[in-house]
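Asker: Just need the structure, nothing else, for what follows:
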Amino acid sequence: MKKKLQIFISSTYIDLKDERQAAVEAILDAGHIPAGMELFKAGNEDQLKTIKRWIDESDVYLLILGGRYGSIETSSGKSYTHLEYEYAIEKGMPVFATVLSDSWLYSKAAQIGAGNDVFEQQEQDKYKQFKDFVHSKVIRRVEDLKDIKLSIHTTLSEFKDLYEFSGWVKGSEVEDNAELIKENRALLKENKKLKELLDKQASTRKVGRFEYEEIKEALKNKEITLPAGKIGNDEDKTVDYLSLLITFRDTFSTGVENSTSASPLKIYLYYNIAPTLMSFGLLEKVKVAGAKYERIHTTKEGLNFLAYYDIDKSNKKRAATLK
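Answerer: Model (predicted):
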C-alpha cells in the first residue's frame, strides 16, 4: 500500500507566508499531506491542546525558522512555535528544521522596507535561546524558496529509509487487504484461546502434593553459589535450582551416585543439589542391588514437572509467533 505522510508545518505566520506556501507545495508535490495551525488565534485556551492533537496525528514535524519568535502562550511564556517544537522532540517523532539564512532575512527586510516584520523586537532573548536549541539538532540552512522545497524532498526521502511510518492509505487499498485483515483477526483469536488455555493449565496442574507453578516459582527463587570448577564454571557462580534441574535433567534421569567411581560432577550433584530437588518430590533415592552406594534419580512427578515445563515453553513460543 502506498502511504501518504502527514507533515506538520510549524513556523511564525505573518513573516513567513511565502516560505510556508513553498513548503506546502513541496509536500503536496511529494504526494504527502501538509498540516499546520497557523490560522488559530493566539490566546485561545484550547489552542495548545488542539495543536498537540494534530502533532500526535502527524508522521513528521517540519519547523521553518525565520527571524521572529512568534505569539506567546501565556502560561508558559514561550511562543507557540517553540512549544510545538519541544513537544515534537519530546514525543521522539521525526523532526527536521529549515533555518532561513541571515542573508535571506536581511534581503527580505530590505525588500519590504519593514525590518520589524522580519526580525524579533520584543522577545529577542527568548528567540536567541530557541534558535540555539534548534541549532543543537539537525538543521538544513536555506537561502531561498527553492532551497526549502529541495530540503523537504531530500529529508523526506531520507526519513523513509530511517523510520517505519504509519501514514495514511486510501480506503480502497485497505478494502483490497480484507483477506489479510480477516487472517490477522483469526490469528489474534487463536492467540487469545491459546493464552486462556495456558492460564487454565497453569492453575490446575499438580506435581505430587504441590501445584506445578508453585514448584517452578520456588525453584526459580532458590539459589546456590557454585564454587569454581564444580560444573565447568571458571569462577564462583550463583544459579537458581530451576536452571540446574533443566540443565542436568538428563543426568538426573539416568541417576547420580555416591560411589567412589562416580565423577566429581555427579558427586557434587548428589550431595549439594539433589537434596533440595528431593524435598519437592522431583528426585528420589534408591538402593542399588548388590552395591554399597546409592543412586538418586528423577521421580515420576519429576518427569511430569519437566513435561509441563516443555509444554509451557513450546506454547509460549507458538503464542509469540501469533502476535
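Asker: Below-threshold pLDDT in the stretch 1-150 of the chain: ranges please.
Answerer: 1, 37-45, 114-116 (pLDDT under 70).
Asker: so where do the helices sit in it?
Answerer: Read by DSSP state H, counting those that start in this stretch, the stretch 1-150 of the chain holds these helices, from start to end of the chain: 17-29, 47-56, 80-91, 102-112, 124-135, 145-162.
Asker: can you put those in a markdown table and add mean neighbour count?
Answerer: From N, CA and C alone the C-beta is placed, and that goes for glycine too. Formatted as a markdown table, the entries for the helices of the stretch 1-150 of the chain read as follows, by neighbours: other CB atoms under 10 Å:
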| stretch | mean neighbour count |
| --- | --- |
| helix 17-29 | 17 |
| helix 47-56 | 15 |
| helix 80-91 | 19 |
| helix 102-112 | 14 |
| helix 124-135 | 15 |
| helix 145-162 | 16 |
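Asker: Redo the ones you listed as TSV? Include distance to residue 187.
Answerer: Formatted as TSV, these follow (distance: least, CB to CB, whole Å):
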stretch	distance to residue 187
helix 17-29	36
helix 47-56	28
helix 80-91	30
helix 102-112	54
helix 124-135	45
helix 145-162	28
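Asker: and the gap between the residue most central in space within the chain and residue 163?
Answerer: A centroid search over the chain (CA atoms, centre = their mean) returns residue 92, at 11.4 Å, as the residue closest to the centre. From residue 92 across to residue 163, the span is 11 Å (CB to CB, to the nearest Å).
Asker: Let me know how buried residue 307 is, in neighbour terms.
Answerer: Burial of residue 307, expressed as a neighbour count using other CB atoms under 10 Å, amounts to 13.
Asker: next one: whatever helix or strand it lives in to chain centre, how far?
Answerer: Assigning secondary structure by DSSP states H and E places residue 307 in helix 300-322. Computed by CA atoms, centre = their mean, to the nearest Å, the chain-centroid distance of helix 300-322 equals 28 Å.
Asker: all strands of the stretch 151-300 of the chain, in order?
Answerer: Counting by DSSP state E, counting those that start in this stretch, the stretch 151-300 of the chain has these strands, from start to end: 206-207, 210-211, 223-226, 237-240, 256-257, 283-287, 294-298.
Asker: if you compare those, which one is most tucked away?
Answerer: Per-residue neighbour counts averaged over each of the strands of the stretch 151-300 of the chain give the maximum for strand 256-257, namely a mean of 22 (mean count of other CB atoms under 10 Å).
Asker: Which neighbouring elements make contact with that strand?
Answerer: Packed against strand 256-257, as judged by 3 or more CB pairs under 8 Å, 6 or more residues apart in numbering; DSSP states H and E, are the following elements: helix 264-268, strand 294-298.
Asker: What average pLDDT does the first one get?
Answerer: Summarised as a single mean, pLDDT over helix 264-268 is 89.
Asker: From residue 255, how far out is the residue lying closest to residue 299 once chain neighbours are set aside?
Answerer: Excluding its sequence neighbours, the residue lying closest to residue 299 (CB to CB, 6 or more residues apart in numbering) is residue 284, at 4.8 Å. From residue 284 across to residue 255, the span is 10 Å (CB to CB).
Asker: quick one: common contacting residues for the two?
Answerer: Common neighbours of residue 284 and residue 255, using CB atoms under 8 Å, 6 or more residues apart in numbering, are 296-297.
Asker: how many neighbours does the nearest residue to residue 11 once chain neighbours are set aside have?
Answerer: Take residue 11 and drop its neighbours on the chain: the residue closest to it by CB to CB, 6+ apart is residue 64, 3.9 Å away. Counted with other CB under 10 Å, the neighbours of residue 64 add up to 23.
Asker: next one: residue 299
Answerer: Burial of residue 299, expressed as a neighbour count using other CB under 10 Å, amounts to 20.
Asker: hang on, isn't it packed against residue 285?
Answerer: No - taking contact to mean CB atoms under 8 Å, the distance of 10.2 Å between residue 299 and residue 285 leaves them out of contact.
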